[in-house]
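In: everything below, folded, please.
(2 chains)
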Amino acid sequence: MHSHSVSSDDSRATVEQYVKWIQVLRKRGHTVDGIVLTEHRKFDFDKDYSELASQYNVVVLKGSELDTRYGHFLVYGVTQALTQDIDFGDVRMDSRALMQAARQHDAIALPAHPGRFGIGLTEYVAQGETFDDVSIVERFNGGSRPGENERAAELCDSHSLLGIGGSDAHLTSHIATCMTNFKATIKKESDVVEALLTKEFQPVWLDDTLNGASA
Amino acid sequence: MPYYDEVELGDEIGPVEKVATDDEVSNFCDVWGTPGPNRFTDAETAAKSGMKGGPIVPGIMTMAMMAQLLTDWGGPGSIKDLDLVFRQPVPHNRALTLAATITDLREEDGESLVECDILMTGTEGERYVGGKAIVTLQSR
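Out: I've put the predicted structure just below:
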């Protein structure tokens, strides 16, 4: 639900390397069904990964990770209309406006790594900011430092928020370190939005999938 | 040195623990032609440059440390490419862990290439530097 390919300036992994690495994980007994590419501050309308997805039997979907004045937000179900309403490159945008615009365009936006020291949503909540539209956050983030996922968990528990998991991979071998297990079958971006709205999902670590849980 | 057919996807190189001491950084800067005081060797200059945690390890020295991990494994001259992202300043006198994971193996233009992710981390989970490297190994 959260990964970066070389389309993001700070990643060194190609999508092909990710899907090949997933074959390694599968050989080790892990269950990994797909990935969502969430490139920084953009949405790659022109990128088509369907051939790779088919060749390696991995669902490859696209989303975005946007900078806002209240931390980073993951956006799923991005449409042309949403990108016309919201400037994805505006790093000072109000995340509340982003969340509302996303829903108006049948997309969904939620806080990434909310426990991150300095820039996570927990910092702003502690300052008294309120985010009434936040009902889901990235509870497990594979790029977190010790203590950050714990802060995200505390936020979830204290505000009755649901959590997803995302690897936040920037390197090939970091893909799928944590994931989201959906009850529904996910094949396209709109399935992700719908599944998030149904609230039938949970964050999982890679090792949680050894017993056949789907992610 | 391992042969190409001895390595597999997912194999680890390292981890190796290193510390860049004040003296080592200072010596590196002298050899590099950037003698102190500067943000690499002097706390006051580093603070003026916005480095809250004291003087930092030069990026080129960090890169050399990561390159050494690979050449200790693959042999002198084995590095074909090293592409790194510097995510946060590397401090002096702290334990640094260097490790790489093999992510691809391929033969290209008569060379046996090993591609790997490479990472320098700290004891508190800091990811100081990460990237990827391509190393050539001998085939039997």
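In: where exactly do the helices run in chain A?
Out: Under the criterion DSSP state H, chain A contains helices at A:15-27, A:50-56, A:80-85, A:95-104, A:121-126, A:148-159, A:189-198.
In: show residues contacting the top helix by length along chain B.
Out: The residue-count maximum for a helix in chain B (DSSP H) belongs to helix B:59-74. Contacting residues not belonging to helix B:59-74 are listed as B:1-2, B:13-14, B:16, B:18, B:20, B:25, B:28, B:32, B:77-79, B:82, B:84, B:86, B:90, B:96, B:98-100, B:114, B:116, B:118, B:120, B:128-129, B:133, B:135-137 [Cβ atoms under 8 Å, 6 or more residues apart in numbering or on different chains]. Backbone N, C-alpha and C define where each C-beta goes, glycine included.
In: looking at those residues, which are in helices?
Out: B:25, B:28, B:32.
In: please report the residue range of the longest strand in the chain.
Out: You didn't pick a chain, so chain A it is. strand A:59-68 (DSSP state E).
In: wait, chain B was what I had in mind.
Out: As assigned by DSSP E, the longest strand anywhere in chain B is strand B:95-108.
In: related to what we said a few turns ago, which among the contacts of helix B:59-74 end up buried?
Out: The neighbour-count test (16 or more other Cβ atoms under 10 Å in any protein chain shown) marks B:13-14, B:16, B:18, B:20, B:25, B:28, B:78-79, B:82, B:84, B:90, B:96, B:98-100, B:114, B:116, B:118, B:120, B:128-129, B:133, B:135-137 as buried among these.
In: would you agree B:Ala20 is in contact with B:Val57?
Out: Yes. Taking Cβ atoms under 8 Å as the definition, B:Ala20 is a contact partner of B:Val57 at 4.5 Å.
In: common neighbours of the two, please.
Out: B:90, B:92.
In: tell me the pLDDT at the closest residue to A:Asp168 other than its chain neighbours?
Out: Excluding the flanking residues, the one nearest A:Asp168 by Cβ to Cβ, 6 or more residues apart in numbering or on different chains is A:Gly143, at 3.7 Å. A:Gly143 is assigned 93 on the pLDDT scale.
In: what's the answer for B:Pro37, then?
Out: With respect to pLDDT, B:Pro37 scores 89.
In: what kind of secondary structure is it in?
Out: coil (DSSP: H, G, I helix; E, B strand; the rest coil).
In: that one: how many residues sit nearby?
Out: Using other Cβ atoms under 10 Å in any protein chain shown, the number of residues around B:Pro37 comes to 14.
In: excluding sequence neighbours, find me the nearest residue to residue 114.
Out: Unless you meant another one, I'm taking chain A. The nearest residue in space to A:Pro114 (Cβ to Cβ, 6+ apart) is A:Leu121, at 3.8 Å.
In: wrong one, chain B
Out: B:Val135 (4.7 Å).
In: how far is the helix or strand bottoming out on mean pLDDT in chain B from where the chain is centred?
Out: Counting by mean pLDDT, DSSP states H and E, chain B has its least confident helix or strand at helix B:43-48, which shows a mean of 90. Relative to the mean C-alpha coordinate of its chain, helix B:43-48 is positioned 24 Å out (Cα atoms, centre = their mean, to the nearest Å).
In: what's it packed up against?
Out: With contacts defined as 3 or more Cβ pairs under 8 Å, 6 or more residues apart in numbering or on different chains; DSSP states H and E, helix B:43-48 has no helix or strand neighbours.
In: any buried residues in it, and which?
Out: Using 16+ other Cβ under 10 Å as the test for burial, helix B:43-48 gives B:Ala46.
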